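Have a look at this prediction, sequence included:
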Amino acid sequence: MIEVDITKRIKTYRGWEDLRVKTQFEMGKITRITGPSGVGKTTLLKIIAGLITPEAGTIKFNGDTWFDGEKKFSKKIQDRKVGFVFQDYALFPNMTVEAHLAYGTKDQTYINELLHLGEMENFRQHLPHQLSGGQQQRLAILRALSTKPVLLLMDESFSALDKELKGKLMAKLHDLFLVQGTTVLVVTHHDEVFDSSSALFSLED
């Protein structure tokens, strides 16, 4: 179980407000995080990943403390073994598609499996600027998967894909998550994202 009980000061369209989250996410499951724009969904993902530090509270992952505000403890980002698919992709401009995946794993068989999963085999030597928006988005997902993370955080990770490709990719990802036992938190505004296989957590305005 992922236990989140945090407070973080964030800037909204109304000014500075407290993001207050107290919830639990089930291990080995997909949870969709929804809510109005600007309510703090992306911030919540970054807090769980360790990229943003809350003002107060605790985060526990399967009993392991990741953050304790009272004790001023925050587990190192690299020790959390989290994969993050950023909304802006955050790709390395001078690295090929295959090099992005090799950055996370030296297992060539697994790299080939990921390229096949994302239908990116023919683009393995392409640089990010040579890819379409949808291809860049798929690469960002594959790169996050390359380390076989125990927790995968996805921020609007299917927005650049057409309906048919999105459906195929989500089905393949769902199978992979089951095999690897991955816990997934996905921020989305779209009801069809993992709609039949996920739990739902809503951040209210």
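Perfect, I can see it now. Just so we're clear, the structure is a prediction, and the values are computed from it rather than from any experiment.

does Leu151 really touch Gln180, like I thought?
No - proximity of Leu151 to Gln180 does not meet the contact threshold set by Cβ atoms under 8 Å, at 11.2 Å. Heads up, the C-betas are built off the backbone N, CA and C, glycines and all.

These two: which has the busier surroundings?
In this view Leu151 and Gln180 are compared by other Cβ atoms under 10 Å, and Leu151 has more residues nearby, 21 against 14.

Which residues does the most centrally placed residue in the chain form beta bridges with?
Most central residue of the chain, judged by C-alpha distance to the mean C-alpha position with Cα atoms, centre = their mean, is Leu153 at 1.8 Å. Beta bridges link Leu153 to Phe84, Leu185, judged by DSSP bridges.

Pull up the gap between it and Lys172, please.
Noted for Leu153: a distance of 19 Å to Lys172, by Cβ to Cβ, to the nearest Å.

With His116 instead?
9 Å.

So those two - more neighbours on which side?
Under the neighbour definition other Cβ under 10 Å, His116 and Lys172 were set side by side, and Lys172 has more, 14 against 11.

I'd assumed Leu117 was in contact with that one.
Yes - here Lys172 reaches Leu117: they are 5.0 Å apart, a contact under Cβ under 8 Å.

Please go through the chain and pick out the longest helix.
Counting residues, the longest helix in the chain under DSSP state H turns out to be helix 163-180.

Give me the buried positions along that one.
Across helix 163-180, burial judged by 16 or more other Cβ atoms under 10 Å covers 166, 169-170, 173-174, 176-177.

Using a markdown table, lay out the residues you listed together with pLDDT and distance to Gly69.
Putting the buried residues of helix 163-180 into a markdown table (pLDDT from 0 to 100; distance: Cβ to Cβ, whole Å) gives the following:
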| residue | pLDDT | distance to Gly69 |
| --- | --- | --- |
| Lys166 | 87 | 38 |
| Leu169 | 92 | 37 |
| Met170 | 90 | 36 |
| Leu173 | 93 | 34 |
| His174 | 92 | 35 |
| Leu176 | 94 | 34 |
| Phe177 | 93 | 31 |
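
Quick one: work out the angle between the least confident helix or strand in the chain by mean pLDDT and helix 163-180.
Sorted by mean pLDDT, DSSP states H and E, the helices and strands of the chain end with strand 198-202, the least confident at a mean of 82. In this structure, strand 198-202 runs at an angle of 100 degrees to helix 163-180, with axes from the mean of the first three to the mean of the last three Cα atoms, to 10 degrees as the basis.

any idea how far strand 198-202 is from the chain center?
Taking Cα atoms, centre = their mean, to the nearest Å, the mean C-alpha location of strand 198-202 is offset from the chain mean by 15 Å.

elements contacting it?
Here strand 198-202 is seen to pack against strand 15-25, strand 30-34 when contacts are counted using 3 or more Cβ pairs under 8 Å, 6 or more residues apart in numbering; DSSP states H and E.

go with 10 Å
Where contact means 3 or more Cβ pairs under 10 Å, 6 or more residues apart in numbering; DSSP states H and E, strand 198-202 is packed against strand 15-25, strand 30-34, helix 41-49, strand 183-187.

What residues does Ser159 make contact with?
Contact partners of Ser159, counting by Cβ atoms under 10 Å, 6 or more residues apart in numbering, are 87, 133-134, 137, 166, 188-190, 193.
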